[in-house]
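Visitor: Just to be clear, the model below is a prediction. Sequence and coordinates:
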Amino acid sequence: MVKLSPHFLAFCIIAISSNLFNSPISIHALNVGVETNAGLSLEKECSRTCESKFCAVPPFLRYGKYCGIMYSGCPGEQPCDALDACCMKHDLCIQHKDNNYLNLECNENFLSCVAKFTKSGSPTFKGNTCTITTVVRVITDVIDAAVAAGKIFKKP
């Protein structure tokens, strides 16, 4: 079981709450039920498969191998596309910053990478079922919240 840092927990609370109020998704959409097995886990996972699930639901988003909270590619896995590469770089940056999910440098660089991806018009990976504008909006909203929290808590 992975031990969660206080920074990560604060990040999750801010990310989820900021997106619930700005999302077109009904609050009832988050009622996944404990009896269901939709491939959800609270443990950190590593992925070897390009996925596109829960595209508009921030706490459960799975895009590529590296995009999503508590979700990352397995060591040595190549990203699925340019957006997934941004997520991979962000994951590595956060790891190098003692898993400080509020680190401003990592989060601002991530936002810049996502913006470059959006402007480039690069294709998404084969088999993607998410609308890329939705994924980018979810990622941007979550990381914007993390940047704001990092400034409030004065995290470098």
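Guide: It's in. Numbers count the residues shown, from 1 in each chain.

Visitor: what phi and what psi does the backbone show at the most centrally placed residue in the chain?
Guide: Central residue of the chain (C-alpha atoms, centre = their mean): Gly68, 3.2 Å from the mean position. Per-residue torsions, Gly68: phi 150, psi 150 (degrees, to the nearest 10).

Visitor: Next, the contact list for it, please.
Guide: Phe60, Leu61, Arg62, Cys87 (C-beta atoms under 8 Å, 6 or more residues apart in numbering). C-betas here are computed from N, CA, C, even on glycine.

Visitor: May I ask which of those has the most neighbours?
Guide: Among the contacts of Gly68, Cys87 has the most neighbours (other C-beta atoms under 10 Å), with 25 neighbours.

Visitor: contacting residues for that one?
Guide: Cys87 is in contact with Tyr63, Gly64, Tyr66, Cys67, Gly68, Pro79, Phe110, Ile139, counting by C-beta under 8 Å, 6+ apart.

Visitor: So which of those residues is the closest to Asp91?
Guide: Distance to Asp91, by C-beta to C-beta, is smallest for Tyr66 among the contacts of Cys87, at 5.6 Å.
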